[in-house]
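**Q** Here is my input, please return the structure:
(2 chains)
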Amino acid sequence: MGKVKIKKKETRIDMTAMSDVTVLLLTFFMLTSTFLQKEPVTVITPPSVSEEKVPDSNLLSVLVSPEGKVFLEVLGSKDSTMKSETVRADLLKNMVAEYKKSHPSANLAFTNKEMETFSKLNAFGVPITKMKEWLNLEPDQRDKFLESEQNPGIPINMNEDPNNPNEFQMWVRAAYNSVNPELQESMVKGRGIAIKADQTTPYSVVNVVMDNLQTMKMNKFTLMTALKTEEE
Amino acid sequence: MAIKTKSRQKKFDTRIDFTPMVDMNMLLITFFMLCTTMIKSQTLQIALPTNEKVEKEQQNKVKQSEAVTIIIDGKIDEKTGLSNPEDGMLFYYDGMPETDKLAQGESNMKQIEFGAKTGGAYPAIREILQERNKEVVLKIADLKKEWKEMKFSKNEEVNDSIYQEKAKKIRNDSTLKRPVVIIKATPNASYAHVVSVLDEMQINNISRYQIDRINEVDSAMMIMVQAKNLKK
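**A** Residues are numbered from 1 along each chain as shown, chains lettered A, B, ... in the order given. Below you'll find the model as predicted:
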């Protein structure tokens, strides 16, 4: 009788401790995680020894695909004073105003619902004239269009005339003038604009973006890189 | 008998099987682990000169004895239109380009291969830059020794910040002989090439560098140097 009893105890493992550990780990991951944002193009940034981290607030990042398409991402402040959503909605409003300066006859108006859709998007990159159509697509169709080859990205060209900006420059200007004073401040300091490009991207492509920013006198910005440990 | 069964049931009730709970937690942990970005991207801060002509003239007044021009060239894959970060060439010259004997294939431009294949990060260019920036590099090396021995402060953080401050002072010390590096890239160079050359500036403590556009003289010299090296 006694023998049998001992055997029975051994087959069962107490999972409580295990459960404790997993719950702890889970809490840790839930609290520290920032989700990978979906990006229209996957880029592998070049390695560098720089140890400065990318700011996770008040940032306008310019995503450059190897073919030269340009996408933008906007982040608001860290606390809830200037949420990314608020900044993005304002950005679109500014952009419309900015665009109408050079195209007074353009019929460009967004409904509140479209504004709301826009404010929830992480990355965007369609010509402003197609924006309305794009915002009214179904979410998965929207992503597909952004990634598709028909999408030219934000129109950009070599432009050295600050009085006659291209659409990319208008967007940057709109972000600069947005409701978020912190974004403007960090853009002036050079921490607010980050260029993210793949390491295989030809320099001529990146140069166009840099040159556009230079024309707007925003000649301080950061390049996103991955960490490389220096061998001594 | 009746009492016996009762006590048995009680014993079962107090013990809950945690195995499914652990299973679920593990699944959730896996999900969070895969979806999070633990390593944030690094940034490399750069400041470009403005596009305005007045400032350009001022830049050209850079003391010619201190100037080093580095030209980065890459190769573009015809199929993909991408530039391979492992395939590149560097050209450099001190001071002004010497073009009087260019027709005979003689100039002060030199060609070096990228060190990507040899494993080290550009052993060749690092030597050249360190040679030009000797005074600063030596001083920083001395400072680093003191920093490693924690001479500034016993507190690690205070030690770090004092070191950083002192290093910055040395880098910007105008009494030392410091080179001005002008970085130019051909359209074929890849983004990774440019970033790694910018990286070398950090590694070699060069405080004065700028990115400039390539001009006809540079390209003509490059062609001649390349042709000459091929003949050899």
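
**Q** CA atoms for contacts and neighbours, from now on please.
**A** Noted.

**Q** Tell me where chain B has helices.
**A** B:2-14, B:19-35, B:53-59, B:123-132, B:134-148, B:156-171, B:191-203, B:216-231 (DSSP state H).

**Q** Now mean neighbour count, mean pLDDT and distance to chain A too, for those helices, in TSV please.
**A** Below are the helices of chain B laid out as TSV (neighbours: other Cα atoms under 10 Å in any protein chain shown; pLDDT from 0 to 100; distance: least, Cα to the nearest Cα, whole Å):
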stretch	mean neighbour count	mean pLDDT	distance to chain A
helix B:2-14	9	54	13
helix B:19-35	16	88	5
helix B:53-59	10	52	11
helix B:123-132	16	77	11
helix B:134-148	16	82	13
helix B:156-171	15	82	13
helix B:191-203	21	83	4
helix B:216-231	14	79	15
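
**Q** For A:V87, find the nearest of these.
**A** helix B:19-35 (25.6 Å; Cα to Cα).

**Q** Just list what that closest one packs against, helices and strands only.
**A** Helices and strands touching helix B:19-35, by 3 or more Cα pairs under 8 Å, 6 or more residues apart in numbering or on different chains; DSSP states H and E, are helix A:16-32.

**Q** tilt between the helix it packs on and helix B:19-35?
**A** 30 degrees (axes from the mean of the first three to the mean of the last three Cα atoms, to 10 degrees).

**Q** May I see the helices of chain B arranged in CSV, with distance to A:Q141 as well?
**A** Formatted as CSV, these follow (distance: least, Cα to Cα, whole Å):
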stretch, distance to A:Q141
helix B:2-14, 52
helix B:19-35, 23
helix B:53-59, 46
helix B:123-132, 48
helix B:134-148, 55
helix B:156-171, 50
helix B:191-203, 31
helix B:216-231, 46
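
**Q** Select, out of those, the one closest to A:T34.
**A** helix B:19-35 (8.3 Å).

**Q** Contacts for the closest one, please.
**A** A:M15, A:M18, A:S19, A:T22, A:V23, A:L25, A:L26, A:F29, A:M30, A:S33, A:F35, A:L36 (Cα atoms under 8 Å, 6 or more residues apart in numbering or on different chains).

**Q** Send me that helix as CSV with only the CA atoms.
**A** Provided in CSV are the C-alpha atoms of helix B:19-35 (Å, rounded to 0.1, in the frame of the first residue of the first chain):
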residue,chain,number,x,y,z
THR,B,19,-0.5,23.1,-16.5
PRO,B,20,-3.0,24.7,-18.9
MET,B,21,-2.3,28.0,-17.3
VAL,B,22,1.4,27.6,-17.9
ASP,B,23,0.7,26.6,-21.4
MET,B,24,-1.3,29.7,-22.1
ASN,B,25,1.3,31.9,-20.5
MET,B,26,4.1,30.4,-22.5
LEU,B,27,2.1,31.1,-25.6
LEU,B,28,1.6,34.7,-24.7
ILE,B,29,5.2,35.2,-23.8
THR,B,30,6.3,33.8,-27.1
PHE,B,31,3.9,36.2,-28.8
PHE,B,32,5.2,39.2,-26.9
MET,B,33,8.8,38.2,-27.4
LEU,B,34,8.4,37.9,-31.2
CYS,B,35,6.4,41.1,-31.5
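
**Q** Which one, of the helices of chain B, ends up nearest to A:F71?
**A** Judging the helices of chain B by Cα to Cα, what sits closest to A:F71 is helix B:191-203, at 17.2 Å.

**Q** Just the CA atoms of the closest one, as PDB, please.
**A** Output of helix B:191-203 as PDB, limited to C-alpha atoms (Å, rounded to 0.1, in the frame of the first residue of the first chain):
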ATOM      1  CA  TYR B 191      24.100  54.400 -48.100                       C
ATOM      2  CA  ALA B 192      26.000  51.900 -46.000                       C
ATOM      3  CA  HIS B 193      29.300  53.200 -47.500                       C
ATOM      4  CA  VAL B 194      28.500  56.700 -46.500                       C
ATOM      5  CA  VAL B 195      27.400  55.800 -43.000                       C
ATOM      6  CA  SER B 196      30.500  53.800 -42.400                       C
ATOM      7  CA  VAL B 197      32.800  56.700 -43.600                       C
ATOM      8  CA  LEU B 198      30.800  59.000 -41.300                       C
ATOM      9  CA  ASP B 199      31.400  56.400 -38.600                       C
ATOM     10  CA  GLU B 200      35.100  56.600 -39.100                       C
ATOM     11  CA  MET B 201      34.900  60.300 -38.200                       C
ATOM     12  CA  GLN B 202      33.500  59.400 -34.800                       C
ATOM     13  CA  ILE B 203      36.000  56.600 -34.300                       C
END
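
**Q** elements contacting it?
**A** Going by 3+ Cα pairs under 8 Å, 6+ apart, helix B:191-203 lies up against strand A:47-48, helix A:203-215, strand B:67-76, strand B:83-94.

**Q** longest strand of chain A?
**A** strand A:220-227 (DSSP state E).

**Q** angle of that one against helix A:203-215?
**A** 150 degrees.

**Q** rewinding a little: worst average pLDDT in the helices and strands packed on helix B:191-203?
**A** The weakest mean pLDDT among those belongs to strand B:83-94, with a mean of 78.
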